[in-house]
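1. Build me a model:
(chains A and B)
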Amino acid sequence: MIFTVDLAIILLSAALFGLVARQTGQPTIIGYIVAGVVIGPAVFGLLEVGTLTETISRMGLAFLLFLLGIKMRLEEVRHVLAPVVRISIPQMLLVALAGGGIALALGFGGIEALIIALAVMYSSTAVVIKMLNDRDEATSLHGKIDVGVLLVQDVVVVILLAVLAAGRPESIAEVAVTLAVVLGLVALISVAALLASRYVLPSLFRRIAGNRDVFFLISISWAFLFILVSSEINVLLAPFGVEAYLSIEMGAFLAGLAIAQLPYSKELQERVNPLTDLFVMVFFVTVALDLEGTELLFYWQEALITVLLLMPAKFLIFFVLIRWQKFDVETTFLGSITMIQVSEFGIILGVAALAGGFVGEEVLGYLTLVALLTMAISVYFIEYSRPLHARLAPLLKRWDTEGGFEAGKREYRDHAVVIGYDKVTRNALPLLAEHYDDVVIVDRRVDHIKALEQEGYKAIYGDFRNATIRKAAALKRAAFVLSSSVEVDVNRALLREIASDAVVFVEAEQVQDARELYANGAHCVILSAHLAGERLAEYLSTYLNDLGEFERVVEADAELLADVAPLPRIHDKMVGGLDG
Amino acid sequence: MADLLTTVAILFLAAGPFLLVANRFRLPTVPLLIVAGLVAGIFVEEEATLELAQYGIALLVFWFGVRIRLEAVRMVLSDSEAAALLQIVIVGSLGTGLGLLLGVPLEESLYLGIAAALSSTIVGKFLVQAEIQRKVLRARLAESIHFVQDLIAVILLLVLGAGALALDPIATQLGYGVLFLIGAVLVNRYVFDLLGRLAGDSSELMIVGAISILVLFIGAARLADVSIVVGAFAAGLAIRHDRERYLDLFNGIESIKDFFVAIFFITIGALVVVPTPDKLLLVAGLVVLTAIVKPAVTAAALIHRGYEGRSAVLTSFSIDQVSEFALIIAIQALVLGYLSPLVFDAIILAAAITMITSSLSQRYGERLYRALAERNLVRGRHGIIDALSRVPDDMADHVVIVGYGRQGRRVVEACRACGQGYVVMENDPSLRSAVRENCDAFVIGDALEPYSWEKARAGSARLVLCTVPYEPMSRFILEQELEAHVILSSRDVETALELMEAGALYVVVSDLLAGEQLVTFVSRIVSGEITPETLREERVAALGS
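-> Now for the predicted structure:
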């Protein structure tokens, strides 16, 4: 059986360096990049990257963007669209000027400086989005700005790559045509994705949401549909005489965006996340795998100087531009500090420039080194961005005027969380709504989610076992938790995670489970089988001793059974005939 | 060669429509993925994805190892192993014979035998989900038969990895197998928790670490020249752990597994080439063996052991398909050159077909059984019921209590308190001894078998009280047209109302009761009438000892 050794080495070294990074308090990305450097030709030269590994690393980037797309609800990002465009265009120009200037000052030739300028103007999608995801900040305000800017940059990269692939452009007009074609295609695919999300996907996903396997695989198919169209767009359009390229990342993002508008995205995030983590890990390890040590280090002094100058320049440019769009200082600071690295696209652009004969291998080495160093350093800045901001807050204060933008997301606090809407829990909902500002219900059925939202409840579609879902329901900050799950491990996990002063109601099937749950902190365990047993025994005694009384009680019960209101409003009626 | 990413994309695109079909008709996904592969095979070169498919195999077996429950092993020993083994031997020989008859050489015919004998856990689990949850006897029987077969499959993979079926290499292979098991136990005991501690709360690192362990075991398997599947299985055992404690890890591995396993099944479909007449003959033979002969043999074996006809027949309908392990064995043999494309294709096609027919036999199982029983084709023996049950001949005016779970026990107590005679009816083997010790009169048998009711002397009973909220059973009881009053249980209000309409005196809906209780306690808490701590004390006290 054929198994590529390179993938095994990548996995093992990533696990090793990842754990070391974790233990020494470094971000895992650093562990991965270092692993790549160590096993790569720069140090040990253990392996060459095979087709499979390369494919997985490309899938990693695509899935990362797909995952990002899934998180973007249009209503939540619409308000940053215009500022993002206004920020990103001047940002790229200014960074390119800074990068080109630095390169010229360091003695690079004109063409080389131009390529360097074009290569350093993007920030790293992989680093930024990975860090934002890990820190749960992708949908925060500064996260949305950064993501938007990255997407605009992505379009520009695609155009540049297309131009470079065609060799030296003959005229400005040719560049303009490429630009128009790419923008047109992006617009076209966006429209297709959004139309699908409105007219096709809702009914499709409603049908498959109940089937875990089908749901996951169909979503993956959906992503691959867009990936395929983007990567083969040239082939598809060739009969029309149009030459065009799209990045698969852009396609994957749009595929995710279409799903994000549906109520199932949280569940899907949880399923796609592990795959993405694994594949992106391969990407980070392989970033440094292509270059020989000598080429990588040929311009090491220049690279160091560039890093030292370019990162502050990037930060300043972002800071000024984001602030110019009237975002508050904290958002501006966090949004800027996240974007100070040079992108992996810089390396890819360098490769294309090398292939096109614009630069030599040493310049590619220089670009790679700059990208690796800035990525690694920026990871720390992102990791510690909040403490850093707190430290610098007094300094930044004088820029602080009234911010024009508010973060859209309200955080739940001291709310009630109900896990599973069913015949038992539904009875308690009106009661909880009377006493808590927010009642958040997590459920796995779409019709439930719809019905609940119509009743004015906050409903989250997904499996409570998933950390994302628990986070979305803000379980840790809940004041009241009611779980309809009878699975002891789910309830045990729940009890471990909640705040110490929260009131917890859970269900169980067995008495010994109930005991254990009480011991672990539950306040009330509902045992429906137990209750039914009590009721049956009572009724049996009545039946055996007094048939008349029995018939009276049964009639009263039948009336209650026939009341099929989805949320019984009159809880006083909910008392059995023989109770009390 | 086309771009690998493009190939993978095409595989998934091809799968999309077929997955929708699976969902629409509630079919298992595996056969539909294989069929999708047949289509995708036209557009792609499957060689390209063969490697990705290998990861699918590794992860599939890895997952089997991860999910193994040691209690299950113990349970199986007490259940049905003889039936399972007998069935494998008989059907396996028939499959081999079929191959020989059609002119397939012996070495390859053996693979046909394996394909016919082993059944699919994935498909079986999908089909009897509901029954597994209800802890129905036949679901348990089917589960344990599948489990025994999977273990045998792993051993077969180990042995077949030796290539030639000579004694020496097999002994060596088995020796390696034992070494891998020891390695797995050691890793499980010492390395895994260390990994957990080092990774802290990073599920990403846990996943990378766990997959690394898989890769290490596979690497070791390759060095030792045993099947990578054996390595993957051992790795699974090495990771096997409390699911609750490492929830994110196992959910994550499951996602990764699902992705690669889908590629595996599609690729396997893509490997099949256009059928020729002799291939179709082989396929037909395999399908008949798997979908008809295998369940017949299994049912006969179970009935022979004394199980009721219904349990035996319905159990056999859960195992009438080709196993995913048979596919793994086949693809390994194909890659190693032990198996001709002809036989390989036949196995794959037969697998896809029987996995689909199996869903049908499962869906219409009850009807099929009735049809068979009415034509006297299944003559269940009453031997087990008669031997295990105890009902006095003069029992009359009694209460028949169906189910001896928590509720059944409460009801028995109530009967005793009133001095009322009763007969308990129960079918779960794990409750047998409790019934025997605590009840004066009882029937050990399936409540959906008419003979059980005859045995319980239901004709002269005063009341039938069913504590099992299973609608077909409720309907069956009402259909018996007994003189006695009938009290039933139901999970939902709609069914309860229907059952009362159909003649039940009363139907208990436990969820409704629980809802009442919940509302009472929640309102006491939110109104401040009682503190959460006091409520807890009160409830713990109410549980009694």
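2. who's in contact with residue 334?
-> In the absence of a named chain, chain A is used. A:Glu137, A:Ser140, A:His142, A:Ser385, A:Arg386, A:His389 (Cβ atoms under 8 Å, 6 or more residues apart in numbering or on different chains). Using the backbone N, CA and C atoms, a C-beta is placed for each residue, glycine as well.
3. let's do chain B instead
-> B:Leu334 neighbours (Cβ under 8 Å, 6+ apart): B:Leu271, B:Pro341, B:Phe344.
4. again with A:Ala502
-> Applying Cβ under 8 Å, 6+ apart, the residues contacting A:Ala502 are A:Ala478, A:Ala479, A:Phe480, A:Val481.
5. Tell me the predicted confidence for it.
-> You'll see A:Ala502 listed with a pLDDT of 90.
6. for it, phi and psi?
-> Main-chain dihedrals, A:Ala502, degrees, to the nearest 10: phi -80, psi 150.
7. From the chain's centroid, how far away is stretch A:521-536?
-> When distances are taken as Cα atoms, centre = their mean, to the nearest Å, stretch A:521-536 is centred 40 Å away from the chain's centroid.
8. is that stretch up against chain B anywhere?
-> Yes: residues of stretch A:521-536 are located near chain B by Cβ under 8 Å from any Cβ of the partner chain, namely A:522-536.
9. Tell me which two in those residues are the farthest apart.
-> A:His523 and A:Leu536 (26.7 Å; Cβ to Cβ).
10. on that earlier part again, quick one: which of the contacts of A:Leu334 is nearest B:Leu27?
-> For the contacts of A:Leu334, the nearest to B:Leu27 is A:Glu137 (41.8 Å; Cβ to Cβ).
11. quick one: low-confidence parts of chain B?
-> B:1-2, B:46, B:70-81, B:132-136, B:161-168, B:379-384, B:544-545 (pLDDT under 70).
12. ranges for the strands of it?
-> Ranges of strands in chain B, per DSSP state E, are B:399-402, B:422-426, B:442-444, B:463-466, B:485-490, B:506-509.
13. helices and strands around the helix or strand of chain A with the lowest mean pLDDT, which ones?
-> None of the helices or strands of chain A scores lower by mean pLDDT, DSSP states H and E than helix A:74-77, at a mean of 72. If you count contacts as 3 or more Cβ pairs under 8 Å, 6 or more residues apart in numbering or on different chains; DSSP states H and E, helix A:74-77 packs onto helix A:141-165.
14. same question for the helix it packs on, mean pLDDT?
-> 80.
15. surely A:Leu452 meets A:Val418?
-> No: judged on Cβ atoms under 8 Å, A:Leu452 makes no contact with A:Val418 at a distance of 9.4 Å.
16. So between these two, which is more surrounded?
-> A:Val418 (28 against 24; other Cβ atoms under 10 Å in any protein chain shown).
17. Is any residue of the helix or strand harbouring the more buried one near chain B?
-> Assessed by DSSP states H and E, A:Val418 sits inside strand A:416-419. No: between strand A:416-419 and chain B, judged by Cβ under 8 Å from any Cβ, nothing touches; the nearest distance is 9.3 Å.
18. Show me the contact partners of that strand.
-> Contacts for strand A:416-419 (Cβ under 8 Å, 6+ apart): A:425, A:428-429, A:432, A:435-436, A:438-442, A:464, A:473-475, A:478-485, A:494.
19. Tell me which entries of those residues lie within helices.
-> Among these, the members found in helices (DSSP state H) are A:Leu429, A:Leu432, A:His435, A:Leu494.
20. ok, which pair from those residues is furthest apart?
-> A:His435 and A:Leu494 (20.3 Å).
21. Skipping adjacent residues, who's closest to whatever residue of the stretch 251-400 of chain A ends up closest to chain B in space?
-> When distances are taken as Cβ to the nearest Cβ, the stretch 251-400 of chain A reaches nearest to chain B at A:Pro274, 3.2 Å away. Leaving aside its sequence neighbours, A:Pro274 sits nearest to B:Gly252 (Cβ to Cβ, 6 or more residues apart in numbering or on different chains; 3.2 Å).
22. The one you found reaches B:Ile207, doesn't it?
-> Yes: here B:Gly252 reaches B:Ile207: they are 4.5 Å apart, a contact under Cβ under 8 Å.
23. Now the common contact residues for those two.
-> In contact with both B:Gly252 and B:Ile207: A:Pro274, A:Asp277, using Cβ under 8 Å, 6+ apart.
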